[in-house]
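Novice: Here's my sequence, what's the structure:
(chains A and B)
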Number of protein chains: 2
Amino acid sequence: MSSEKQIIGFIGTGVMGKSMAAHLLKANHPVNVWTRTAGKAEPLLQEGAKWMDSIAVLAQQSDVVISIVGFPKDVEEIYLGEHGVIRNAKPGTLLIDMTTSSPALAKKIAEAAAEKSLHALDAPVSGGDKGAREATLSIMVGGDKGIFEKALPVLQIMGKNIVYQGSSGSGQHTKMANQIAGACNMIGVCEAMAYAKSSGLDPYTALKSIESGASGSWTMSNLATKMLDGDFEPGFYVKHFIKDMNIAIESSESMELETPGLKLVRSLYQKLADKGFEDDGTHALFKLWDS
Amino acid sequence: MSSEKQIIGFIGTGVMGKSMAAHLLKANHPVNVWTRTAGKAEPLLQEGAKWMDSIAVLAQQSDVVISIVGFPKDVEEIYLGEHGVIRNAKPGTLLIDMTTSSPALAKKIAEAAAEKSLHALDAPVSGGDKGAREATLSIMVGGDKGIFEKALPVLQIMGKNIVYQGSSGSGQHTKMANQIAGACNMIGVCEAMAYAKSSGLDPYTALKSIESGASGSWTMSNLATKMLDGDFEPGFYVKHFIKDMNIAIESSESMELETPGLKLVRSLYQKLADKGFEDDGTHALFKLWDS
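Specialist: Reported below is the predicted structural model:
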């Protein structure tokens, strides 16, 4: 076994990516970075990361490419575009997309990668900016099992609950299941808190009765008080949640699966975005009841 | 202070009530019982409880009356009926209804009680049969604060997280907020698990990624595996959950509060009951996706 550290090309140094790339640097991996808004990479460059002038150059000079960006169309361009990763990476390069993106796109990328002797995994995460900062992300992985095992040491630098979910797209499917549950939990907390307020209860006191019981959830424990306080700082953006729900609905429809809860919550978030709140945190859904 | 224990009249010895009354006996309170199906009181009588031939006799012979029964109409008859508690109890008797029931009815009972110099609290619980057995129920209490403080030693025998929520009806309102959140969590877990199965994931493995993260909930941790196993034994009955959601919807409408999530979930449970599953556990909602 070589003790030489793999060179990692990191694409997307936003709220999540900046912390994840910093952990890789701290673990002594050489890190090449590219991100759409170059200024966002600055703190990483000061910690020793190397700026790449394009995705193509990054792909050529890295053993492992990791991406975590905004939308599926970004992922598609990064991997499948004319100047993208797949056309430029060396054979044998490991590609890990950690964006929450479409399961169908993940399969397409994996197939295109395989044709060029590249190995692709879909590995979306959950745990938010806090999980990224503390390297405690939950990482759900789809792709070839042998490739997953090769990627594991790198993934372990960024996360804790790292689970192999099956063939390509399975990581994204797992994340969709996660987002569906989370979406419904959110409407439940909003309606429960709105009910508490409307009925004349002190909603903070109501929370003391509810939070630790059978109706409790991570959403309630972490976001209900922020809703009531009117603190809508984003841990996770409304606009990104809508993107995730749209992928989940599209994917459900392709499987002829009915998701009335998910569809209802998506429609309410769309209303929220139409009112101009797409850059708020997801718990701003409460504004539909309390404004 | 007298060390003589108050005589407790206990009405309703079903799944919850039987354990709660047993704790009172173990704490050396004399316990008088009445329940609709007399056979259900048998184990308590063997432990020393005294059978009462009617609600009226029970009310006459008790210092504290506690009830936990099925539906608001039962509660109404027990307290306000011609042969009910309020017409028969001695002045100063403490009345504690622990049924999940209507906030409006709780207020009505409290007013009728006050006219007869009786003291009524609404004190619904959460925590299910397990919480009742282990005396760890969450108890949400509405009524006069001084009366709450007098009732506290008795409530502490049956529960742990005991919170005063405000004037009469506030306990029931808190329980409604609790049920609203729980209803939405349930649809989220159903749709997430249905998605996981439809997309070809192993849903148990998907749970490993999801459960401990930001989409986690008590419902997911405690009921998702039962759904997947096809084990629909009731911890909490579908028919009682529908009753609770109907109260919550009626109460919301009287406050002109919109609850689209709650209404959606109620409609799905109604569908489930119409198929004949009203005596299943609430997680049987999954049958709408997986049958």
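Novice: Please make it C-alpha for all contacts and neighbour counts, starting now.
Specialist: OK.
Novice: Helix, strand, or coil at residue A:256?
Specialist: Put simply, residue A:256 is coil when judged by DSSP: H, G, I helix; E, B strand; the rest coil.
Novice: what's the spacing between it and chain B?
Specialist: 9 Å (Cα to the nearest Cα, to the nearest Å).
Novice: Look up how far residue B:285 lies from that residue.
Specialist: Relative to residue B:285, residue A:256 is positioned 19 Å away (Cα to Cα, to the nearest Å).
Novice: Which one of these two is surrounded by more residues?
Specialist: Comparing residue A:256 with residue B:285 by other Cα atoms under 10 Å in any protein chain shown, the one with more neighbours is residue B:285, at 26 against 10.
Novice: so the more buried one sits right up against residue B:269, yeah?
Specialist: Yes: assessed by Cα atoms under 8 Å, residue B:285 is found in contact with residue B:269 at 6.6 Å.
Novice: Quick one: name the residues of the stretch 1-150 of chain A near chain B.
Specialist: Applying Cα under 8 Å from any Cα of the partner chain, one finds that the stretch 1-150 of chain A approaches chain B through A:126-127, A:138-140.
Novice: So which of these sit within helices?
Specialist: Using DSSP state H, no member of the residues of the stretch 1-150 of chain A next to chain B sits in helices.
Novice: Show me those residues that map onto strands.
Specialist: Those of these mapping onto strands are A:126, A:138-140, per DSSP state E.
Novice: and the lengthiest helix in chain A, is it in reach of chain B?
Specialist: Counting residues, the longest helix found in chain A (DSSP H) is helix A:170-198. Yes: contact of helix A:170-198 with chain B (Cα under 8 Å from any Cα) involves A:170, A:173-185, A:187-189, A:191-196, A:198.
Novice: if you average pLDDT over that helix, what comes out?
Specialist: Across helix A:170-198, pLDDT averages out at 98.
Novice: I figured residue A:66 was touching residue A:9, is that so?
Specialist: Yes: counting by Cα under 8 Å, residue A:66 touches residue A:9, with 6.1 Å between them.
Novice: So these two - more neighbours on which side?
Specialist: The neighbour count for residue A:66 versus residue A:9, taken as other Cα under 10 Å, is higher for residue A:9 (28 against 24).
Novice: Would you map the helices across chain A?
Specialist: A:15-26, A:42-46, A:55-60, A:72-80, A:85-88, A:103-115, A:128-133, A:145-158, A:170-198, A:203-210, A:218-229, A:238-254, A:260-274.
Novice: For the third one, the averaged confidence score.
Specialist: This points to helix A:55-60. 98.
Novice: Can you pull out the residues in contact with that helix?
Specialist: A:9, A:11, A:32-34, A:52, A:65, A:78, A:83-90 (Cα atoms under 8 Å, 6 or more residues apart in numbering or on different chains).
Novice: tell me which residues of it are tucked away?
Specialist: A:55-60 (16 or more other Cα atoms under 10 Å in any protein chain shown).
Novice: Stretch A:80-97 too?
Specialist: By 16+ other Cα under 10 Å, the buried positions in stretch A:80-97 come out as A:80, A:83-91, A:93-97.
Novice: Stretch A:257-271 too?
Specialist: Under 16+ other Cα under 10 Å, the buried positions of stretch A:257-271 are A:257-266, A:268-270.
Novice: Now do it: distance to the chain's middle.
Specialist: Mean-position distance between stretch A:257-271 and its chain equals 20 Å (Cα atoms, centre = their mean, to the nearest Å).
Novice: Also stretch A:178-194?
Specialist: 19 Å.
Novice: Dump it to PDB, restricted to CA.
Specialist: The C-alpha trace of stretch A:178-194 is given here as PDB (Å, rounded to 0.1, in the frame of the first residue of the first chain):
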ATOM      1  CA  ASN A 178     -34.900  11.400   3.200                       C
ATOM      2  CA  GLN A 179     -36.300  14.600   1.700                       C
ATOM      3  CA  ILE A 180     -39.800  13.300   1.400                       C
ATOM      4  CA  ALA A 181     -39.900  12.400   5.100                       C
ATOM      5  CA  GLY A 182     -38.300  15.800   6.000                       C
ATOM      6  CA  ALA A 183     -40.800  17.700   3.900                       C
ATOM      7  CA  CYS A 184     -43.800  16.200   5.600                       C
ATOM      8  CA  ASN A 185     -42.200  16.700   9.100                       C
ATOM      9  CA  MET A 186     -41.900  20.400   8.300                       C
ATOM     10  CA  ILE A 187     -45.600  20.900   7.500                       C
ATOM     11  CA  GLY A 188     -46.400  19.000  10.600                       C
ATOM     12  CA  VAL A 189     -44.300  21.300  12.800                       C
ATOM     13  CA  CYS A 190     -45.700  24.400  11.000                       C
ATOM     14  CA  GLU A 191     -49.300  23.400  11.500                       C
ATOM     15  CA  ALA A 192     -48.800  22.300  15.100                       C
ATOM     16  CA  MET A 193     -47.100  25.600  16.000                       C
ATOM     17  CA  ALA A 194     -49.700  27.600  14.200                       C
END
